[in-house]
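>>> here's a sequence, model it:
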Amino acid sequence: LDQSSNDIYMIHGETGHILQANRGAQRNLGFDMDTLAEQTVYELLPLTSEEALAAIVRPLRDGTQDLVSFETDIRRADGSRFPAEVRVH
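Reported below is the predicted structural model:
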């Protein structure tokens, strides 16, 4: 997973804290893992509220879907944003 060119994150399902990010994600965002570990997914997805994200992942939590996806912007360390399709398993 660490060698994937796709950004891959492991996020704590309850708190939204970033537990792990592969090298591609760290390079793309401009954050090292120590800095990412201090953030939540809500800080990286500035246009997605906690409530909106909870609604998006609800089918995963209730077991009706194995995968959900949505489009949003992701914030880099320099403050710039880029559009991304987010797939949550």
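
>>> for this protein, give me the ranges with low pLDDT.
Counting by pLDDT under 70, the chain contains no low-confidence range.

>>> any idea where the strands of it begin and end?
Along the chain, counting by DSSP state E, strands occupy 9-11, 18-21, 68-75, 81-88.

>>> nearest to E50, out of these?
Using CB to CB as the measure, strand 9-11 is the one of those that comes nearest E50, at 12.4 Å. Backbone N, C-alpha and C define where each C-beta goes, glycine included.

>>> now the end-to-end length of stretch 34-54.
Stretch 34-54 has an end-to-end distance of 25 Å (CA to CA, to the nearest Å).

>>> ditto for stretch 57-71
With CA to CA applied, stretch 57-71 spans 13 Å between its terminal residues.

>>> go on, stretch 21-39?
Stretch 21-39 has an end-to-end distance of 12 Å (CA to CA).

>>> ok, T64 - contacts?
For T64, no residue meets the contact criterion (CB atoms under 8 Å, 6 or more residues apart in numbering).
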